[in-house]
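Visitor: what's the 3D shape of this:
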Amino acid sequence: MKQARSPRFLTAGCVAFVIGMLSSPSHAADALDKDAIYTEMRGIAAQMRVLKPNVEGDSAARSSYETLDQHYRELMALMGGDDPGQIETGSAARRIAAESAPRGPVAQVVPTTPAGCGQVTTTFTQGTPTAIPTGPAVVTSTVVVSGTGPFLYDLDLTTFLAHTFPADLDITLTSPAGTVVTLTTDNAGTNDNVFNGTVWDDDANPTGQVPYVTNDGMVTEHVYAIGVLASPLVPEEAMGAFIGEDPNGTWTITISDDLAGDGGSLDSWTLGVTTFPSAPIVTAEPTFTQSTPVAIPTGPAVVTSTLVVSGAGTSILDVDLTTALAHTFPADLDITLTSPAGTVVTLTTDNAGTNDNVFNGTVWDDDANPAGQVPYVTNDGLVTEHLYAIGVLASPLVPEEAMGAFVGEDPNGTWTITISDDLAGDGGSLDSWMLDIDTFACESSDLSVTKTDGSATATPGGSTVYTITISNAGPSAAATASLVDTFPAACTSVTFTSSASGGASGNTAAGAGNINDAALNLPAGASVTYVATCNISASATGNLVNTATAGGASSDSNPANDSATDTDTLTGIADLSITKQLTTAGSISVSDNIDFELTVSNAGPSAATGVVVTDTLPASLTYVSNDCGASFASPTLTWNVGNLAVSGSANCTLTVQVNASGAIANVATVTGNEGDPTPANNAATATLAAADAVTVPALDARGLALLSVLLGAIAILVLRR
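Guide: Reported below is the predicted structural model:
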């Protein structure tokens, strides 16, 4: 909303005089009555709006409209691009250039972020069309955002909006928190459908240094052409006003069509939402001030003033600028702020009319205008819509281009204000200016875990001792870190102790079973070390695999080292032994059957598998049978015992026949799959002595008689004694 100092009007003759001056190479801009030209331009704009509803069907109205449009653009050129009537049509040459410009999709630009922020960008689309009736009328459309992080870092909006007279439209976007941002008010003139695919983005126009007449990339300064998509565009009010809000909830586009005669449709719209999982650490830097005045001469002229920022954080979250600027015709001024990275943001172009010194103390702030819902005629928080008055400070103001374009940059270095005074007749001074900068860093801890038992092998039935360390390399503290170690089933029991260093706390000093410390406080450089003893099942086989994992509420700059795994090959050790005993009592003679008792035992520590007993019989023994299912293939008995638990044993009775006299030795041996620490007891020998068999002759009658006599004589001798 641009105001003249007094209600003066030009006659038709005055208009002709002004236009004539435009064609004269010797005209002097400082001879013009700028107040009167402003008033005349507003009068022309008002007449155009009256004619506008009839231009489609009335050739006379169209002819008058086009004549007024031509006069208005000539006056804009005379005034250095000023557009107090907000017609925004641009020059014919630039419109032709726009019509021939290439078109294509525009990607969302997300500002850079420091390490550890964990930003995620998600899109949400409303695909149900909303009709925009011929005005005056107000319509709305909503989209629900859900499942995103709670801290909004960047927002971009894409609109597919068809309308045959976009200057009729005032459009806002409202967040779930109720913040209202104006996208456009009365921009783009009669140029059909220029917002049909527009990406609205605070970062859309990183350059555009004054002096300029037009600036493609700003909705207020873009050169529009009928049917040519204008994208991307910086909205009229900064979407940086949404930074820091929780985006989850209902977002609303509100469209006010403030004149009759044209309608359209919001066919769809999409939000690109970039969030952090938690709020960053924000630092309000000390105010940086440039207090050396810079004179602003009567124009055309361009002056600059610089300010060096040092010692600040390295990532901008917010920039506010305060100007002490005196000038008797602020609409002469086009002002930009340039960052050390070279990003150029336009604060104002041709705003505030003839109202003296309204920027003399202005705070320029993307957050200056949290409300201001359409339909409105003026909106005092926007530099383009403020209701100015002579000598009355306008503050705070949202600049014409978003200072959100600086977000993510390093503020350290030289900042520059550039002021273009594009008309003669008035001057002023930039007496001082100040920057208030918020920087941010994300909680970024580098948690890491190491784990080892110092060996590549482990013994079933034995134990292994793990050393597990969780550390934080910083730079931020991990206030709610965790260490989890769920031991494998092969660990039949676990006991552990832990010790903290470097200021760490929250660890369990001693415990049994799985480790689950979920409230560790790990300052940068701190660590906790756990020593855990795992008793291994005697029957475990394969590999012993154990993983410890770190976690935490803060972002981790290197998640690849957040877990550690120790793998041991399980190598069994079973102390097998065998005994062999002769269980047949008495003397043994050739042809006797005798029994041997074989006993196999496992003293561990591991279970034994694949246990086999072999007994190779000597030639003096002949196999008869066994009671343990052993097989015999002469001369060897093979007994497949199978598996033996620790302290387990098995018995077998072997029956053989003695077929020779003398000393006989028989050896039995046992083997298994596991290593055996005492192989000396893996064999047993049983020995025996066999006598020849005794033969008793048979007696006939004569022999029996002689035997009887002999026995009788022996008996008499005994009795005599």
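Visitor: Is residue 229 in a helix, a strand, or coil?
Guide: Going by DSSP: H, G, I helix; E, B strand; the rest coil, the secondary structure assigned to residue 229 is coil.
Visitor: quick one: the helix or strand where residue 70 lies to chain centroid distance?
Guide: Under the criterion of DSSP states H and E, residue 70 resides in helix 59-78. Its chain's average C-alpha position is 54 Å from that of helix 59-78, according to CA atoms, centre = their mean, to the nearest Å.
Visitor: So what sits opposite residue 550 in the bridge?
Guide: residue 483 (DSSP bridges).
Visitor: Kindly provide the distance from it to residue 488.
Guide: As defined by CB to CB, to the nearest Å, residue 550 lies at a distance of 19 Å from residue 488. Every residue, glycine included, has its C-beta placed from N, CA and C.
Visitor: Those two: which is more packed in?
Guide: More neighbours surround residue 550 than the other of residue 550 and residue 488, with 25 against 15 (other CB atoms under 10 Å).
Visitor: quick revisit: pLDDT of the helix holding residue 70, averaged?
Guide: Averaging pLDDT along helix 59-78 yields 79.
Visitor: Put the alpha carbons of that helix into PDB.
Guide: Listed next in PDB are the C-alpha coordinates belonging to helix 59-78 (Å, rounded to 0.1, in the frame of the first residue of the first chain):
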ATOM      1  CA  SER A  59     -13.800  -3.800 -27.100                       C
ATOM      2  CA  ALA A  60     -14.100  -0.200 -26.100                       C
ATOM      3  CA  ALA A  61     -13.300  -1.100 -22.500                       C
ATOM      4  CA  ARG A  62     -10.400  -3.200 -23.600                       C
ATOM      5  CA  SER A  63      -9.000  -0.300 -25.800                       C
ATOM      6  CA  SER A  64      -9.300   2.100 -22.800                       C
ATOM      7  CA  TYR A  65      -7.700  -0.400 -20.500                       C
ATOM      8  CA  GLU A  66      -4.700  -0.900 -22.800                       C
ATOM      9  CA  THR A  67      -4.200   2.800 -23.300                       C
ATOM     10  CA  LEU A  68      -4.200   3.300 -19.500                       C
ATOM     11  CA  ASP A  69      -1.800   0.400 -19.100                       C
ATOM     12  CA  GLN A  70       0.600   2.000 -21.600                       C
ATOM     13  CA  HIS A  71       0.500   5.300 -19.800                       C
ATOM     14  CA  TYR A  72       1.000   3.600 -16.400                       C
ATOM     15  CA  ARG A  73       4.100   1.700 -17.600                       C
ATOM     16  CA  GLU A  74       5.600   4.900 -19.000                       C
ATOM     17  CA  LEU A  75       5.100   6.600 -15.700                       C
ATOM     18  CA  MET A  76       6.700   3.600 -14.000                       C
ATOM     19  CA  ALA A  77       9.800   3.900 -16.200                       C
ATOM     20  CA  LEU A  78       9.900   7.700 -15.400                       C
END
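Visitor: Please identify the buried residues of that helix?
Guide: Using 16 or more other CB atoms under 10 Å as the test for burial, helix 59-78 gives 61, 64, 65, 68, 69, 71, 72, 73, 74, 75, 76, 78.
Visitor: ok, of those, which one's closest to residue 648?
Guide: Residue 648 lies nearest to residue 76 out of those, by CB to CB, at 102.9 Å.
Visitor: ok, for that closest one, nearest residue in space, not its chain neighbours?
Guide: Of all residues not flanking residue 76 in the chain, residue 83 sits nearest, at 5.9 Å (CB to CB, 6 or more residues apart in numbering).
Visitor: I'd say residue 425 and residue 298 touch.
Guide: Yes: using CB atoms under 8 Å, residue 425 is in contact with residue 298, at 6.0 Å.
Visitor: any idea whether residue 110 is helix, strand or coil?
Guide: For residue 110, the assignment made with three-state DSSP gives coil.
Visitor: quick one, what contacts it?
Guide: 119, 121, 153, 154, 274 (CB atoms under 8 Å, 6 or more residues apart in numbering).
Visitor: how about a cut-off of 6 Å?
Guide: Contacts for residue 110 were tallied using CB atoms under 6 Å, 6 or more residues apart in numbering; they are 154, 274.
Visitor: Equivalent analysis for residue 267, please.
Guide: For residue 267, the contacting residues are 129, 160, by CB under 6 Å, 6+ apart.
Visitor: In which helix or strand does it reside?
Guide: Going by DSSP H and E, residue 267 is part of strand 264-276.
Visitor: Partner strands of that strand, with direction?
Guide: Note on strand 264-276: by DSSP bridges, its sheet partners are strand 120-126 (antiparallel), strand 130-132 (antiparallel), strand 151-163 (antiparallel).
Visitor: Return the first one as CSV; C-alpha atoms alone will do.
Guide: It refers to strand 120-126. Taking Å, rounded to 0.1, in the frame of the first residue of the first chain, the C-alpha atoms of strand 120-126 are listed here in CSV:
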residue,chain,number,x,y,z
VAL,A,120,14.3,-35.1,6.7
THR,A,121,12.3,-33.6,3.9
THR,A,122,8.8,-34.9,3.3
THR,A,123,6.1,-33.8,0.9
PHE,A,124,2.4,-33.5,1.5
THR,A,125,-0.1,-32.9,-1.3
GLN,A,126,-3.7,-31.7,-1.4
